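J.: I'll drop the sequence and a predicted model, then ask my questions.
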Protein chains: 2
Amino acid sequence: MHSAEPRHRDRRRARHEATKQEILDAAWAMVRAGGLNALSLRALAHDLDMEPQSLYTYFPSKHAVYDHLFAAGNRELLDRFQRVETSDDPRHVLGQIAHLFVSFAADEPARYELLFMRTVPDFEPSPESYALAVDVVSQARSALAALGLDDDADFDMWTALVAGLASQQLANDPHGDRYIRLIDDAVTMFADHVFGTRVPRS
Amino acid sequence: MHSAEPRHRDRRRARHEATKQEILDAAWAMVRAGGLNALSLRALAHDLDMEPQSLYTYFPSKHAVYDHLFAAGNRELLDRFQRVETSDDPRHVLGQIAHLFVSFAADEPARYELLFMRTVPDFEPSPESYALAVDVVSQARSALAALGLDDDADFDMWTALVAGLASQQLANDPHGDRYIRLIDDAVTMFADHVFGTRVPRS
DNA sequence: GTCTATATCCAGATAGAC
DNA sequence: GTCTATCTGGATATAGAC
């Protein structure tokens, strides 16, 4: 497809993409350090030893930067989803999913905020990026369906439970594991509820 | 206590407090309309037909305004907590608490954001306001303890579940009741888990 | 592709006259 | 208690030289 292009074009393109990635890396570092709303093109340029205006060669707007972060976050999450091991024990699968999700949130709170809360004023993902977010939900939905949970209410309950653990972990114990430790118990609670009790407590 | 004060001082003080309240009302309206981070002193002054600088007669800083909103939100929540009816049925009490909490969130998302998420950069509540927030948690904790749930892990699981329903409601269906409808089922799930199953499903 | 220069607008906050 | 005037600094974005 690009074979007709002169070689120096390819090189320039590669350089362009490399710089773009450097900018995105610096952007991740910035939101990691100061929260999602701490992203500023001025500061970003300063970190990269360039003038703020030069960033516009790579991204047409600040929202475009957010959009790339949003897309990358969703791709990472999709990737982790595909590494879930299949198992005959539904509880084992649920446990993996919950762990993966809460870890994803705890690893990088800003990323979780970007993907699942609406905390950046006026930011709307582009259609392409949004499609990735839809994919994530589809993956989760079919993972539960594979366990026999194809009811919408069950799915919503599951996401609420897992999102609750994640958001409480971020809000109340960002550097600890207070809510992460509850995951297995939460899975038991949910599984008992939707599949029927196995081992009643007390 | 103030009986030695001249009457016009009282009147001036009352006028001062009234204006302060007008400012806070306008601030609520602003965050309600545009989100928590949409609060701006300039815009606030404009809405009240005054110059931005005049606001400093009433509040020493923007964070001080946030602090008053934070305190008022917690007072409102405490107030609702005290209206929970006692009952012999723990599930009934849990249901009331969950409803009250998720409704509190759904009624004014910005208020929920201010109280329970950390979305205003650099904002820390004052000690007096923070004490109110601590009161809220205490109230919730003792409400559960009164039902026999005095385990920290049970409390954390409960708050995660309720916070999850609230945050999903705000994020995915802000004007509907998709997650509010799950509350009773969530209470059943939780109660079955901590008290032992009553009526197993399937 | 990067720069200088600039446009435009916004923010929170302070000093001091009235 | 409210105003005018001002400070200081931030932001995103565009035009055009090199």
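T.: Looks like it came in fine. From a predicted model like this one, the values you see are computed outputs, not experimental measurements.
J.: Domain parsing of chain A, as residue ranges.
T.: A:1-59, A:62-202 (automatic domain parsing).
J.: Mind putting these into CSV with mean pLDDT?
T.: Below are the domains of chain A laid out as CSV (pLDDT from 0 to 100):
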stretch, mean pLDDT
domain A:1-59, 90
domain A:62-202, 95
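J.: which of those domains sits most buried?
T.: The highest mean neighbour count among those, using mean count of other CB atoms under 10 Å in any protein chain shown, belongs to domain A:62-202: a mean of 17. (Glycine included, C-beta is placed from N, CA and C.)
J.: Please name every helix or strand in contact with the one helix or strand A:Val162 maps to.
T.: Counting by DSSP states H and E, the element that carries A:Val162 is helix A:152-172. With contacts taken as 3 or more CB pairs under 8 Å, 6 or more residues apart in numbering or on different chains; DSSP states H and E, helix A:152-172 sits against helix A:90-107, helix A:109-116, helix A:127-145, helix A:183-195, helix B:152-172, helix B:183-195.
J.: Looking at the domains of chain A, spot the one closest to DNA strand D.
T.: With CB to the nearest atom of the strand as the measure, domain A:1-59 is the member of the domains of chain A nearest DNA strand D (3.1 Å).
J.: at contact distance from chain B, anything in that closest one?
T.: Yes - applying CB under 8 Å from any CB of the partner chain, one finds domain A:1-59 touching chain B at A:Gly34, A:Gly35, A:Asn37, A:Ala38.
J.: any idea how far the second one lies from A:Pro174?
T.: Separation of A:Gly35 from A:Pro174 (CB to CB, to the nearest Å) stands at 11 Å.
J.: Identify the residue of chain A closest to chain B, quick one.
T.: As assessed by CB to the nearest CB, chain B sits closest to A:Gly164 within chain A, at 2.1 Å.
J.: From what I see, that residue and B:Met157 are in contact.
T.: No - assessed by CB atoms under 8 Å, A:Gly164 is found out of contact with B:Met157, at 9.1 Å.
J.: what's the helix or strand harbouring A:Glu17 packed up against?
T.: Element membership of A:Glu17, judged by DSSP H and E, is helix A:7-34. Under the contact criterion of 3+ CB pairs under 8 Å, 6+ apart, helix A:7-34 touches helix A:41-47, helix A:62-82, helix A:109-116.
J.: In three-state terms, label A:Ser54 for me.
T.: The three-state assignment at A:Ser54 reads helix, by DSSP: H, G, I helix; E, B strand; the rest coil.
J.: thought it was touching A:Arg42?
T.: No - using CB under 8 Å, A:Ser54 makes no contact with A:Arg42, being 11.7 Å away.
J.: Can you give me the distance of the residue most central in space within chain A to DNA strand C?
T.: The residue lying closest to the centre of chain A (CA atoms, centre = their mean) is A:Gly73, at 4.1 Å. From A:Gly73 across to DNA strand C, the span is 25 Å (CB to the nearest atom of the strand, to the nearest Å).
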